[in-house]
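Enquirer: Following is a predicted model, sequence given first.
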Amino acid sequence: MSAPDLTRFGASPAPIGIAIAPGVLLEALRHVRDAHGYRYYVLATAIERETGFEIVHAVRRHDPEDTLFVRVHVGKDAPEVDSAAFVYAGAEWHEREIFDLFGVRFRGHPDPRRILMPDEYPGHPLRKDFAMDTPWGYRP
Amino acid sequence: MTALLSGWTWAFVFSAATLGVAMTFVAYMTWLERKVAARMQNRIGPYEVGWPHGWLQPLADVLKLLVKEDTTPRAADRLLFNAGPILVVAPALVGFAFLPIAKGLAVVDHPYSFLFFIAFASLTLFGIFAAGWSSNNKYALLSALRMVAMAVSYEVPMILSLLIPAVWAGTFQLTGIVEAQRGLWFVLYPVVGQVAFLVFLLCALAEGNKSPLDILEAESELIAAYNVEYSGIKFALFYAGEYAHTLAICGLAATVFFGGYLGPSFLPGPIWLIVKSAALFVAILWIRWSLMRLRIDQAIRLNWTILLPVALVDLLFAAWWCVGA
Amino acid sequence: MGVPAVSAAPIEVVEREFGELALNMGPQHPSTHGVLRLVLHLSGETVVKAMPVIGYLHRGVEKLSEHLAYDQLAPVYERDDYLSPTSNSNAYVLAVEKLGGIEVPRRAQWVRALACEWQRIASHLVWLGTLGLDLGGALGGGTTLYMYCFREREKILDWLEALTGTRFHTNVNMVGGVRYDPDAASRAESTAMASEIEAALPELWSMSGGNPIFQERTRGVGVISKDLALGVGVTGPTLRASGVAYDVRAASPYDAYRELPPKVVTRTAGDAEARFQVRFEEIGVSLALVRTITEGLPAGPIFSRKPIKNPKATKLPAGEAYAAVESPRGELGFHIVSDGGPKPYRLKINAPSFKNLQVIPHVVPGGLLADVVATLGSLDPVMGDVDR
């Protein structure tokens, strides 16, 4: 693994953190957790781009203080990525939320159900093509 | 006066009068509780209904509960569901019949009235368990289970601590126990009397489901516990039954530990009994509205590892004193 | 004996072992701190399995954020963690200012810190009062503690009303500064309130942490070990009670905390009592901080931009930013992705209660039913924060 380019708690024109291939996600997370001491799990989020979904895991170590954003990019049709739930216990609910709101499936997730929306809800609300029209014609 | 009325009529009138006074006492103790609790919490309590100071509040509450819809869950066991409130209220009110209000004067003045009182007070357990079981509701069931564990456990030290006045008086007749306190109230007997009273107070808290031992109706966990499915007049009966039970126990404590109707003659005997019961009730309220609640296993452990040995040792000392004196 | 009619909705099958009772501490419950559903499997009184079901208060704030302009969005987030509204909007405006490179005047930074610290004290008072209700019951000693805490909190809400016009969702933060300026009377009132609340703390302690019954109910209950805390990602007082000394105000300072770093309160036990002690001590730390901020409030403007005529005209450069504040519940962060337009492209809220609640299936099993309530109360979740 090459030395990661770390940008913590910052703003930049470019995405913050390091981008890695989806295939090595779990290995990379285990490596930063065990070899570099990033044992604290911060969040997982997803950003929808034109070409697909970008899944971002944020992990942190306390000594010295640093937050690392690990990004993977998956394609738009049948988006799937490995689940980090057995590497960091906190990833479980965050990945459920990403599945619920974006439709990205996580392979090997212990409990792949929707978390915020009702279980039978059709569609994934945070996608850009989610139909926002209401019966009475109001759009925010 | 008694010569004018024959035996049965006199008994009927006396019972009705005692029941009336007891029910009024129970109703106004709910008012007192709300006022005391409010003052402890920097509020005023009932004020508007029966201005000033809400002295008509109990009446308003009863009227409101009477006109509410009386729901019964479809899957509930009807017989037990309806029997629950009755089994709670009736034994509690019967307890008032045994308390003596003057020398030799009680509705039931029986040589074993003391034991009868305790036996009737324990019948409320059945009403609560019937309510919890028949409601077909898991929260009510959990509450009923806890009730059985707690009430059965706390009976033992309660009876042991209540035996101490009986041992000192040498009789189970409540008027006899009061008469034996003409010299000194039993609670004032050094150490032994006070320990007996304290053990009894804790058991009374447990039997009457008052904080810190109100695990039975732990509102924050089990919502309203055994009476969660009740509404309207049945709920009012549970409420009244709980208060009547607590007040009867307070009356018993006033009788066996604090001298019952004995007191300086500027107030008549029955008034002294009422004053002492009310004072004990306020003491229980004070504890109730200040302290958090114990967990069920902590409460049971408190009972078997602390209260029971203390009560036993105390009983031994009381008997030893009696034999020695 | 009647049998309930079969309803049309599909019946949820709850798998359980023989002898277990599946109890639903449903969305309507006095102690679940909002609309949280806990599916518990009980064996007698012992909890064998606990699964939180959330989403009853999901309002789609992240989706809404993609349709409103940056300047319009700050008040929206105050409804997320509705017990400390200013923290949410503070985190949001920090992220936006970081992304846009917008400077904030020093006085505005100090006013933000002042409002956040008062909200922290108010939120901790609510937590303490409701913990009393949970442990003591609405018909017992808990209500007394609750009334005393809320009596103190009323002073804070009155101060906020005098300053901003509303008691609670105050809309103080704007991108580039604050909206309201405390005058001399407001500052004097703030210092006086700090002294009054500090004087009331020993009584609150004697009713809660110093009370043996309370200690028995919370000692050894819901123990979160340090490894579990790090792996699951709990934040705030929950994390600090498990031995990790991480406070966003000290680790990545913002606003006035750059000049006034607060004391980081930690404990090592990780049980409900430790979490209680951390939060209680934090009230004291916040009161001292409030006094320092009020006395040292610098002069100057409170808003660094020109008056906003058209909210939709504010465009931020393309990029990403993550900013976090220390809300009373933990690290509240906003991750904003901008595409150069007037509205966020993607906005993710890092909600502390969401992460804290995740620890429940790990620590609740093995305890009694009463311990579930104590654990939940000590985690201090706010469902608006969990579901957003």
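Expert: Thanks, I have it.

Enquirer: residues contacting C:Val48?
Expert: C:17, C:20, C:41-42, C:365 (CB atoms under 8 Å, 6 or more residues apart in numbering or on different chains). In this view, the C-beta of every residue, glycine as well, is placed from N, C-alpha and C.

Enquirer: Now distance to C:Pro381, secondary structure and neighbour count too, for these, in a markdown table please.
Expert: Converted to a markdown table, the contacts of C:Val48 look like this (distance: CB to CB, whole Å; DSSP: H, G, I helix; E, B strand; the rest coil; neighbours: other CB atoms under 10 Å in any protein chain shown):
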| residue | distance to C:Pro381 | secondary structure | neighbour count |
| --- | --- | --- | --- |
| C:Glu17 | 28 | coil | 9 |
| C:Glu20 | 25 | coil | 18 |
| C:His41 | 21 | strand | 19 |
| C:Leu42 | 21 | strand | 21 |
| C:Pro365 | 18 | coil | 15 |
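
Enquirer: Output the residues you listed as a markdown table; include the columns distance to chain A and pLDDT.
Expert: Listed next are the contacts of C:Val48 as a markdown table, based on distance: CB to the nearest CB, whole Å; pLDDT from 0 to 100:
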| residue | distance to chain A | pLDDT |
| --- | --- | --- |
| C:Glu17 | 19 | 65 |
| C:Glu20 | 19 | 77 |
| C:His41 | 16 | 87 |
| C:Leu42 | 21 | 84 |
| C:Pro365 | 15 | 88 |
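
Enquirer: between the residues you listed, which is nearest chain B?
Expert: Distance to chain B across the contacts of C:Val48 (CB to the nearest CB) is lowest for C:Leu42, with 7.9 Å.

Enquirer: what about the residue nearest to the closest one when sequence neighbours are not counted, distance to chain A?
Expert: Nearest non-adjacent residue to C:Leu42, counting by CB to CB, 6 or more residues apart in numbering or on different chains: C:Leu21, 4.5 Å away. Distance of C:Leu21 to chain A, given as CB to the nearest CB, to the nearest Å: 22 Å.

Enquirer: phi, psi of C:Leu21?
Expert: When read as degrees, to the nearest 10, the backbone of C:Leu21 gives phi -110, psi 130.

Enquirer: Could you do A:Arg71 as well?
Expert: According to degrees, to the nearest 10, A:Arg71 has phi -120, psi 140.

Enquirer: who's in contact with it?
Expert: So A:Arg71 contacts A:15, A:17-20, A:54-57 (CB under 8 Å, 6+ apart).

Enquirer: what do you get for C:Pro342?
Expert: C:69-70, C:311-315.

Enquirer: how about those residues, which pair is most distant?
Expert: In those, two members sit farther apart than any others by CB to CB. They are C:Pro311 and C:Lys315, at 11.1 Å.

Enquirer: Skip ahead from the helix or strand harbouring B:Ala278 and say which helix or strand is next.
Expert: Assessed by DSSP states H and E, B:Ala278 sits inside helix B:269-288. Next along the chain after helix B:269-288, taking DSSP H and E as the criterion, comes helix B:296-302.

Enquirer: near chain B at all, the helix or strand hosting C:Ala274?
Expert: C:Ala274 belongs to helix C:272-295 when assigned by DSSP H and E. No - under the criterion of CB under 8 Å from any CB of the partner chain, chain B is not reached by helix C:272-295; the shortest gap measures 12.1 Å.

Enquirer: helices or strands next to that helix in the packing?
Expert: Secondary-structure packing of helix C:272-295 (3 or more CB pairs under 8 Å, 6 or more residues apart in numbering or on different chains; DSSP states H and E): helix C:106-136, helix C:184-207, helix C:212-218, helix C:237-240, helix C:369-379.

Enquirer: Which other helices and strands does the last one contact?
Expert: The reference is to helix C:369-379. With 3+ CB pairs under 8 Å, 6+ apart as the test, helix C:369-379 has helix B:219-222, strand C:37-43, strand C:46-53, helix C:106-136, helix C:212-218, helix C:272-295, helix C:352-357, helix C:360-363 packed against it.

Enquirer: hang on, the earlier thing: quick one: average confidence on the helix holding B:Ala278?
Expert: Averaging pLDDT along helix B:269-288 gives 88.

Enquirer: again with stretch B:318-325
Expert: Across stretch B:318-325, pLDDT averages out at 80.

Enquirer: what's the distance between the residue nearest to C:Leu42 and C:Gly366?
Expert: Plainly put, C:Leu21 is 16 Å away from C:Gly366 if you go by CB to CB, to the nearest Å.

Enquirer: now the longest helix belonging to chain A, how far from the centre of its chain.
Expert: What stands out as the longest helix in chain A, according to DSSP state H, is helix A:91-102. Its chain's C-alpha centre and that of helix A:91-102 lie 8 Å apart, by CA atoms, centre = their mean, to the nearest Å.

Enquirer: out of C:Leu21 and C:Gly366, which sits in the busier spot?
Expert: Between C:Leu21 and C:Gly366, counted using other CB atoms under 10 Å in any protein chain shown, C:Leu21 has the larger neighbour count: 15 against 12.
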